[in-house]
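# Okay, structure incoming, though there's no sequence with it:
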């Protein structure tokens, strides 16, 4: 079911023009297409059309698990895709089963900022959520621990939480490795993260939540979208840092939960210790093995929520 709906006009981002009117989520009972009057946690799992195997692994593990949740706590999810490259923009964003396809954004790494903001705006308009989790299709989430943590917060609609990155240097296009404060933090192609002075005049980004997985409350999501509408400088392509700038401009401080949200280095062998007691782990090598480890208690700063 798709209906025409007014778009929120944004000067610097593409606007969503038409969106599904009904809330009916999928693994089969938890996707956002399933009717619900209230959603405690909405998980938006960013994916690309080609990542069929990743989506299947996620559906077969943490999306279909029978989580133990606090009383009256409901969660829903949706995979989020942008439209295929080199296809024309459409007025219609479509919720196809458990996948939201954002019509106004073309799929590419450089458009991740646009994809994130479009997904926030869609969620605000069409899902009655308290807290949104933005994550990727190679992440695994212990929904029970996430729900227990959120239920204990004084106001989960105001949260902005994840692995907080501090003192992250802004890279300029004329930098060499000698200009980097921590050259060992950067790959050889670090100039792909170069940002213009007109986009970000500061030498260091404000604290922000790393993009592998972070929580945004409904009030915070509105504040971030509103901050973008007021922004005069053009956006830059580093999604998590840009969201952090918008949050700072909205006077929102990030909360560090890095003891419960893990982002292990690519290529490093993974063990049970990476998953026990965690809420979220990124760059999962084997989703089924990771699920078994994730269900074990211990580590991660304590328990919180059952299997």
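Ah, there it is. Here the structure is a predicted model, which is why all the values come from computation and not from measurement. Residues are numbered from 1 along each chain as shown.

# Partner strands of the helix or strand containing residue 45, with direction?
Per DSSP states H and E, residue 45 falls inside strand 39-46. Using DSSP bridges, strand 39-46 pairs in its sheet with strand 75-83 (parallel), strand 129-136 (parallel).

# How much space separates the closest residue in space to residue 237 that isn't next to it in sequence from residue 102?
Spatially, and ignoring its direct neighbours in sequence, residue 237 is nearest to residue 110 (5.0 Å; C-beta to C-beta, 6 or more residues apart in numbering). C-beta: built from backbone N, CA, C; applies to glycine. Computed as C-beta to C-beta, to the nearest Å, the residue 110 to residue 102 distance reads 15 Å.

# what's across from residue 76 in the sheet?
Note on residue 76: beta-bridge partners by DSSP bridges are residue 42.

# tally of neighbours for it?
24 (other C-beta atoms under 10 Å).

# The strand holding residue 45: what's the following helix or strand?
Where DSSP H and E defines the elements, the next helix or strand beyond strand 39-46 is helix 52-60.

# Can you name the residues that contact the residue most central in space within the chain?
Compute the mean C-alpha point of the chain, and by C-alpha atoms, centre = their mean the closest residue is residue 134, 1.8 Å away. Counting by C-beta atoms under 8 Å, 6 or more residues apart in numbering, residue 134 touches 44, 46, 116, 119, 211, 213-214, 216.

# Return the subset of those lying in strands.
Among the contacts of residue 134, the ones falling in strands (DSSP state E) are 44, 46, 211, 213-214, 216.

# that older thread, lowest mean pLDDT across the strands paired with strand 39-46, which one is that?
Among the strands paired with strand 39-46, strand 75-83 has the lowest mean pLDDT, at a mean of 93.

# distance between it and the chain's centre?
Averaging C-alpha positions (C-alpha atoms, centre = their mean, to the nearest Å) puts strand 75-83 10 Å from its chain's average.

# Average pLDDT for the longest helix seen in the chain, rounded please.
Counting by DSSP state H, the longest helix found in the chain is helix 112-126. Helix 112-126 shows a mean pLDDT of 92.

# Just want the angle from that helix to strand 129-136.
Orientation of helix 112-126 against strand 129-136 (axes from the mean of the first three to the mean of the last three C-alpha atoms, to 10 degrees) gives an angle of 150 degrees.

# Give me the below-cutoff pLDDT ranges for this structure.
Along the chain, the model assigns pLDDT under 70 to residues 1-29, 33-36, 86-92, 299-307.

# again, 50 this time
Applying pLDDT under 50 to the chain flags residues 1-27, 301-306.

# follow-up on the earlier one: residues touching the strand holding residue 45, excluding its own?
Taking C-beta under 8 Å, 6+ apart as the rule, strand 39-46 contacts 32, 55, 58, 73-80, 100, 112, 115-116, 119, 123, 127-137, 139, 141, 143, 146-147, 150-151, 156.

# Just say helix, strand or coil for the residue lying farthest from the centre of the chain.
Residue distances from the centre of the chain (C-alpha atoms, centre = their mean) peak at residue 178, which lies 32.7 Å from the mean C-alpha position. At residue 178, secondary structure determined by DSSP: H, G, I helix; E, B strand; the rest coil is helix.

# That one and residue 186, how far apart?
12 Å.

# Residue 220 now?
The value you get for residue 220 to residue 186, if C-beta to C-beta is used, is 29 Å.

# Alright, I will stop here.
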